[in-house]
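Give me a model of this one.
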Amino acid sequence: MKRKLWSFPLTIPIFLLIPAVIGANIIGKSLAELLKLPLWLDSIGTVLAGLIGGPIIGAIAGLAGNIIYSFTISPTSLYYSLTSVAIGLSAGILSRLGFARNWHSVGIIAITIIIVSSVFSTPINVIFYGGLTGNIWGDAIYQPLINANMNLWLASFVVELLIELPDKLFTVMAAYLLLFSLPKKILDLYGIVAEDKYL
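Numbers count the residues shown, from 1 in each chain. Presented below is the predicted three-dimensional model:
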């Protein structure tokens, strides 16, 4: 079933989806911070929302998640709301264009989100944190690049890209696995028909 790019039916399943994916984001981010992982794990729900509900629902989930955990876990998360919105939009647009049907699409969506996240996060890192990423592993790479006289913006972007690469690969794969582990009856509620499933 072909769904319109910007459509977002306000159905009960969609209303139930948003708090569920926000919860997934918060759990992922809390786990990453607790274990000091070189990942953020805060976008699994956002990507999942985009894959299921399209770009508008993905963007709403990303924005709402950042606002909530900026008041509960990490105040600095509020600055990255625009990044989360861009991630949700990207996942939703690519899903509606048909890039959510097989394992080849995982790579396309992951690469797109890695680039989008890096482009949107780098100015925030530079403006508010002098180029640091807020990730302990990434920041350990940043200082040697600055010491080697690399441009601050370029160093920040390179480090952001290096951290986004494993994080968003894991994020997109996890979102796909969650999506297609759902029973067909649940997928049908969101208008995702059987032929959309990758095997």
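
What is the neighbour count of residue 78?
Residue 78 sits with 12 neighbouring residues when counted by other C-beta atoms under 10 Å. C-beta here means a position set from N, CA and C on the backbone, and glycine is covered the same way.

now do residue 15
Here the neighbour count serves as a burial measure; for residue 15 (other C-beta under 10 Å) it reads 9.

Just after the strand or helix carrying it, pick out the following helix or strand.
Using DSSP states H and E, residue 15 sits in helix 12-34. Toward the C-terminus, helix 12-34 is succeeded by helix 44-53 as the next helix or strand (DSSP H and E).

If you count contacts, what does that next one end up packed against?
Contacts of helix 44-53 with other secondary structure elements, assessed using 3 or more C-beta pairs under 8 Å, 6 or more residues apart in numbering; DSSP states H and E, are made with helix 12-34, helix 55-72, helix 81-96, helix 152-180.

Against which helices or strands is the helix holding residue 15 packed?
Taking 3+ C-beta pairs under 8 Å, 6+ apart as the contact definition, the neighbouring helices and strands of helix 12-34 are helix 44-53, helix 55-72.

okay if I get those helices as TSV plus mean neighbour count and mean pLDDT?
As requested, these are exported to TSV (neighbours: other C-beta atoms under 10 Å; pLDDT from 0 to 100):
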stretch	mean neighbour count	mean pLDDT
helix 44-53	31	95
helix 55-72	22	93
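
so which of those helices gets nearest residue 161?
The closest approach between residue 161 and any of the helices and strands packed on helix 12-34, judged by C-beta to C-beta, belongs to helix 44-53 at 17.9 Å.
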